[in-house]
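Colleague: here is a sequence together with a model predicted from it:
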There are 2 protein chains.
Amino acid sequence: MRNTSSIYSDGYQTNKESHYNMHTNSVRANNLKRMLDPKSVAVVGASGDTRKPGGRVVKYLHDKHYQGKIYPVNPKVSFVNDIKAFACLEDLPEIPDLVVISVPAAQVVPTVVSCNALGVPSVIIFSSGFSEVGTAEGLSLDEQLRDCINGSTIVSGPNCQGIINFHTGCIANFSSVMVASEIKVGSVGIVSQSGLFAALIIDSLKEKSGIGYVATTGNEIDVEFSDMVAVMAEDPKIKVIVGYLEAIRDVERFKHAARMAKKNNKPLIILKVGKTKEAARAAQSHTGALSSPAFLYESLFRSLDIIQVNDLDELNQAAYMLSLPLPRNDFSNLALLTNSGGLGVWCTDQLKFQKFELANLAGSTKDSIQSNMFAFGSADNPVDIATLAISNMPAVERILEHLYNDENVDVVFLILAFTHANASPFAQKLIDLSKKKKKTIVVCWISSDKEAQRMLENNSLPVFESATEALRALTHVRNFQHANQSDQQSVKSQLNEEAKLKVAKHLERKDKSVGEYDAMNILKAIDIPTPQIKRITEAKDVGDVYKEFNSTVVMKVDSKNIHHKSDVGGVVLGVNSESKAIDAYEKISSDVKRNCPNAIINGILMCQEVKGIAEIIVGGVRDPILGPYIMVGIGGIYAEALKDVVFRPAPISDFAASEMLKELKMYSLLTGLRGQLGCDLTELTKIISKVSDLLVEVEQLLEIDLNPVVVGSKPEQTRVVDALMTFR
Amino acid sequence: MRNTSSIYSDGYQTNKESHYNMHTNSVRANNLKRMLDPKSVAVVGASGDTRKPGGRVVKYLHDKHYQGKIYPVNPKVSFVNDIKAFACLEDLPEIPDLVVISVPAAQVVPTVVSCNALGVPSVIIFSSGFSEVGTAEGLSLDEQLRDCINGSTIVSGPNCQGIINFHTGCIANFSSVMVASEIKVGSVGIVSQSGLFAALIIDSLKEKSGIGYVATTGNEIDVEFSDMVAVMAEDPKIKVIVGYLEAIRDVERFKHAARMAKKNNKPLIILKVGKTKEAARAAQSHTGALSSPAFLYESLFRSLDIIQVNDLDELNQAAYMLSLPLPRNDFSNLALLTNSGGLGVWCTDQLKFQKFELANLAGSTKDSIQSNMFAFGSADNPVDIATLAISNMPAVERILEHLYNDENVDVVFLILAFTHANASPFAQKLIDLSKKKKKTIVVCWISSDKEAQRMLENNSLPVFESATEALRALTHVRNFQHANQSDQQSVKSQLNEEAKLKVAKHLERKDKSVGEYDAMNILKAIDIPTPQIKRITEAKDVGDVYKEFNSTVVMKVDSKNIHHKSDVGGVVLGVNSESKAIDAYEKISSDVKRNCPNAIINGILMCQEVKGIAEIIVGGVRDPILGPYIMVGIGGIYAEALKDVVFRPAPISDFAASEMLKELKMYSLLTGLRGQLGCDLTELTKIISKVSDLLVEVEQLLEIDLNPVVVGSKPEQTRVVDALMTFR
């Protein structure tokens, strides 16, 4: 029984034969490290022509003082950039850690075969002309190349721009961004599926953040985005990882990488593109990546505490601030100090929009500020020092100290504009305060004194020149710190053997769609509460079955072909006598026969009438790439108009299920709006997590839809009223 | 009858004695122009000390080569900055167009008195120490100063930073931003309630956009934000007006100014702060401005086609692009050309989020692009030229020309990154194309060739260095062009004399709150459909009244003190016989007496039962500053949880009423979701516009609430079921 073999170890499936398993292999992990930090690099296709990638790489390695061995490989020359060249890989004096291949597509496969034979740990292929060109020749070369992947020699590319290790000067990358720029070495790691986008990220981070490694992954025939994130997550030189992502290929590898980052307390910042269908189409013609729906990505990222950014600027600001050594605290209550009342008002709006609090300053703090204010200004938070920054900078320093020492303040946020008098001593005061490491000081200095700004930057204080940028970064830092305070619950399956057998039995019948009656039986088997229900196939049985209920019932047609039963006369409500039941049976039979002559009718269902307060939709879907997701939404016609639904990757715990409910826009309705009776949600959360178990354990289950689940004010009033399932 | 004297001339009230009327005065309008473009400036409090505002202004005027006459006024010196000084205003050889006052607060009033006596057209007061300090002395000086305002000498400030005219070098402003900066002279006008914020705007616009005038308005004792917008709206040197606004003081002046800008086809871009209650509080301590709710501002701005921005950067980008001479066309269909597939994908997402279309390129365009592509790339929109920008710039130029000439393309949007080869000839090609003036070309050039960038800028092509910024500007330009295509309907009141009399009669009774029965009668008088309704005050009448209905009725208590009738047992539904009506009367009487012993009961209402498809809330509110607003929302408990409501300033036309309905999130429910019967909205839109008329014509009406209005599938099924009104 394939479908019950899952392992729930730390919340994700490992039962399928995935590339991810190869990654867990320690040889592979080790080779990824060597690719990023090789002691020797061979360049196949090396040349003196720096317009060619193979020429550019040798020049970069040479110019940036790469400390390892460089082996140009080219049978036609003796030297490249004054470095001795070799005719072939086999002639090298050692097996290089990394082979960079920059030759025409047709020559790539034989070179990789050589690498495999020699036992080269890692290979990067710059060459294009494979699947991305879409020609028969390209596809054939792609297939041959795939056949060379042996799991011990790891291969990055083809059609990628390679890697960079700024710490060692190993520039195995041909981007022109390396020519022009002075790049600060630091602790940000960059992973990008697009070569040029990696260059854009380098360009945007180079001045303030400092970069450690860059990895571009191109066609991802073997090494994927996730592999490079994982290896950087474990590298002590890296503190923040940023990524450009068009699509995930293997979601388990991705989850593993994100969890590595989280475990090591490293923010993972991702710019995901291809969210709209038009952009997804463009992405497909760019890197051949197939994109899953944006809302599933969104939900996946949230579940992994990934920081999602919308553009290059936001990525840059978040990476910069998160790469600094900031003190850890609650980070919710800000004290705002400004010399522009207008900016203070503007910023207060923005802080509230981002759900920050303006700290309630202690009375003693306010008094001390007031006594330093001398003239016009405001001692309340936001503190408006007005012209004090021109007339009396030492007074500003004292005010600042009072704010820093106020227990109610988590973060001191300064917004200064055109403040140049005594800027350096003031900067020194900020530096001295920050050394106490009690709380974060963020400085936004518009049209700053450059010397003072440099002092602050050199002492690792976050400094911005735009208030919008400072606020955006601040918000990401707060979100990251708060995410790390929340515990990740591990999830244990609640499915019992009986349920598994029941589902297995259905699978033997090989029905793809499952109608209401069978679906309800499967649900009953996993202890999901359903109303009493009977299927009647002959008119003569109606009376006897009604006697079993002896209360008001609902009667409806049972057919997997009919989705909107009431639209075709397939439902009769409020049946409260034997004779009405007989009439209803006949009416449904004849209406459905007339309206849907081709539908296969399994019978007519008689169900206990269910009353409650609210109708909820609980569903599940299995994305071919991103895997199983649970959906929860508020039912009824209003909810349909609003699409008030929430998704989370399965499996989820009861706790996560209750969190999902809280994310609904209409959650306040469930708990009882304006004195109305509220729902008891305990049984509902159990239903949600059980649907999650079913979806995770039964890999053949593609879609499940409980619509509606009626919820009452007591747990026992919660019942699934209709259900549908689709299997593979 | 005060309340029927409104004039609807062009859609706004002019019946109240407002400062706005003074502005329409041609003397005042002329003096505002002279303040902004004076031929002579006297500076009272002039000095050689440039740390003082009065010193700084004389130096600025001198250094920036102000072409008018400068008259320093200071009894203690003979010369300031080598310019002859005068002891007092009376000694000057002529009446100056503008007097700048920069003396201690206590000396301001006598100086203004002199100005009045001399007939000085315009005065700016830098001095602070008035209402903004909150002291008894400050408030008293403020009052004395207000008494000096005579309507012919206009006064700006106090507590403001003055004005700047960059065209004439008239820097009657003491901001330090003028010391440091090279500022481009151009066609953007800046109006700001905050002096320092004006400096921030100057700083952000100074390089690319070019600035014409700056006006800061401070305490706005006489000249307001709106006055300066209006005068710039009529000045041919200004093409775009940008503003920093904390609060409007006189909404009619503001509307007039915004309409002037629109009439002259000038974008009015406003950064409104003080949206949250915390920020509004901060604003109050900054400029003393009282803020109305943010959603009313939002709705006011939308109705006036004002461009709302959220921060300085967005203001800057919108102003820059809108100040350029762009060809007018539909501006909806973009062709995107990039050398980064990744940026193309990212940008496609962003364009779709902003509701742009990627143009469907003509087949011939695609063919021509393909034939120029040579290598890897995409000829579809977004066009990805990949490495072609390095290898063959002339081919890129040809591709660009094909895109420009494609009839399906409104805007050509280029995103280039790190493209330096042959940049100048390429820029020249762009310039040549743009000279055809058929469509807009927008260039985002990341890490650009500076020479090429300068060429483009000098030829008025919009050039950006960040794709996010380019997109944001593009969106504002599109919105502005589309707003100007829509017609503004003028609104004529539909209220008849009978209705006016009815309302007037009520007002004579001086009741502030009006309960359901009276409110329904007022509605009936203005032809708003209400169900048949009778008020019963004695139990003995119940039977006879029921006979008049002789169908199912609803019975409810009539009391202006009870807002949620059903919560106190005040409603009985489905009364369908005389005996049930008698029971209901007794039940309501005793329940309400028990639950609300102090409520004044006017009787018990018997109403025709109304059935329909949807429940709508129609309301109106009169903001003490911003005036009357109409509100429309979807009724019922879901709507309450979601706050699905829309506001518009009254008066509104039937057409505007139907537009409001379309803005509701749940609009799809009204028109019939998934095969359900839709509502007929003709009667509902009439009700909304009639409520608007009532609110506008009856100034004593503070609040009106029709909740619910039941709407059916036919116009005659639409009925107001409950109503409340509150008068002044």
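Modeller: Alright, I've got the coordinates. Numbering: from 1, shown residues only, chains lettered A, B, ... in the order given.
Colleague: break down the stretch 501-650 of chain A into its strands, ranges please.
Modeller: For the stretch 501-650 of chain A, the strands defined by DSSP state E, counting those that start in this stretch cover A:513-514, A:533-536, A:553-558, A:571-575, A:603-608, A:614-623, A:627-634, A:645-649.
Colleague: distance from the chain centre to the first one, please.
Modeller: Remark: strand A:513-514 is offset 32 Å from the chain centroid, using CA atoms, centre = their mean, to the nearest Å.
Colleague: that strand - which strands sit beside it in the sheet, and in what orientation?
Modeller: strand A:723-727 (antiparallel) (DSSP bridges).
Colleague: what sits up against the partner strand?
Modeller: With contacts defined as CB atoms under 8 Å, 6 or more residues apart in numbering or on different chains, strand A:723-727 is touched by A:506-507, A:511-516, A:519-520, A:522-523, A:530, A:560, A:563, A:700-707. All C-beta spots, glycine's among them, are computed from the backbone N, C-alpha and C.
Colleague: these, buried ones only, as a ChimeraX selection?
Modeller: Here is the ChimeraX command that picks out the buried ones among these, judged by 16 or more other CB atoms under 10 Å in any protein chain shown:
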select /A:506,507,514,515,516,519,520,522,523,530,560,700,701,702,703,704,705,706,707
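Colleague: relative to chain B, which residue of the stretch 401-550 of chain A is the closest?
Modeller: A:Thr468 (4.4 Å; CB to the nearest CB).
Colleague: what residues are up against the residue nearest to A:Asp330 when sequence neighbours are not counted?
Modeller: Leaving aside its chain neighbours, A:Asp330 sits nearest to A:Asp410 (5.1 Å; criterion: CB to CB, 6 or more residues apart in numbering or on different chains). Residues counted as contacts of A:Asp410 (CB under 8 Å, 6+ apart) are A:329-334, A:359, A:439-440.
Colleague: same deal with A:Gly45?
Modeller: A:Gly45 neighbours (CB under 8 Å, 6+ apart): A:52-54, A:73-74, A:101-103, A:126.
Colleague: of those residues, closest to B:Ser204?
Modeller: A:Pro53 (40.7 Å; CB to CB).
Colleague: and the residue most central in space within chain A, what element?
Modeller: With distances taken as CA atoms, centre = their mean, A:Phe301 lies nearest the centre of chain A, 1.8 Å away. Using DSSP states H and E, the element containing A:Phe301 is helix A:294-303.
Colleague: run the chain-centre distance for that helix.
Modeller: 5 Å.
Colleague: before we move on, back to that, out of the contacts of A:Gly45, who's the most crowded?
Modeller: Counting neighbours by other CB atoms under 10 Å in any protein chain shown, A:Phe126 comes out on top of those with 30 neighbours.
Colleague: and the nearest residue to the residue nearest to the centre of chain A once chain neighbours are set aside, what element?
Modeller: With sequence-adjacent residues excluded and distances taken as CB to CB, 6+ apart, A:Phe301 is closest to A:Gln308, at 5.3 Å. For A:Gln308, the host element (DSSP H and E) is strand A:307-309.
Colleague: show residues contacting that strand.
Modeller: A:267-272, A:298, A:301, A:315, A:318, A:322, A:476, A:479-480.
Colleague: would a markdown table of those residues with secondary structure and pLDDT be doable?
Modeller: As requested, those are exported to a markdown table (DSSP: H, G, I helix; E, B strand; the rest coil; pLDDT from 0 to 100):
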| residue | secondary structure | pLDDT |
| --- | --- | --- |
| A:Pro267 | coil | 97 |
| A:Leu268 | strand | 98 |
| A:Ile269 | strand | 98 |
| A:Ile270 | strand | 98 |
| A:Leu271 | strand | 97 |
| A:Lys272 | strand | 96 |
| A:Glu298 | helix | 94 |
| A:Phe301 | helix | 96 |
| A:Leu315 | helix | 97 |
| A:Ala318 | helix | 97 |
| A:Leu322 | helix | 97 |
| A:His476 | helix | 96 |
| A:Asn479 | helix | 93 |
| A:Phe480 | helix | 93 |
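Colleague: farthest pair within those residues?
Modeller: A:Glu298 and A:Leu322 (20.5 Å).
Colleague: okay, those two: which has more neighbours?
Modeller: Using other CB under 10 Å as the criterion, A:Glu298 and A:Leu322 rank with A:Leu322 on top: 25 against 15.
Colleague: circling back to that earlier point, which two of the contacts of A:Asp410 have the greatest separation?
Modeller: Most distant of the contacts of A:Asp410, by CB to CB, are A:Ala359 and A:Thr440, 12.8 Å apart.
Colleague: helix/strand/coil for A:Thr50?
Modeller: coil (DSSP: H, G, I helix; E, B strand; the rest coil).
Colleague: contacting residues for it?
Modeller: Neighbours of A:Thr50 in contact, by CB under 8 Å, 6+ apart: A:56, A:59.
Colleague: which regions of the stretch 151-300 of chain A lie under the pLDDT threshold?
Modeller: Scanning the stretch 151-300 of chain A for pLDDT under 70 picks out A:180-181, A:285-290.
Colleague: ditto for the stretch 551-700 of chain A
Modeller: In the stretch 551-700 of chain A, residues with pLDDT under 70: A:636-640, A:673-676.
Colleague: helices along that one, start to end?
Modeller: Taking DSSP state H, counting those that start in this stretch as the criterion, the stretch 551-700 of chain A carries its helices at A:578-595, A:636-642, A:654-663, A:667-670, A:682-697.
Colleague: any chance of those helices in JSON lines, with distance to A:Ile248 and mean neighbour count too?
Modeller: Converted to JSON lines, the helices of the stretch 551-700 of chain A look like this (distance: least, CB to CB, whole Å; neighbours: other CB atoms under 10 Å in any protein chain shown):
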{"stretch": "helix A:578-595", "distance to A:Ile248": "44", "mean neighbour count": "16"}
{"stretch": "helix A:636-642", "distance to A:Ile248": "29", "mean neighbour count": "19"}
{"stretch": "helix A:654-663", "distance to A:Ile248": "21", "mean neighbour count": "18"}
{"stretch": "helix A:667-670", "distance to A:Ile248": "30", "mean neighbour count": "20"}
{"stretch": "helix A:682-697", "distance to A:Ile248": "18", "mean neighbour count": "24"}
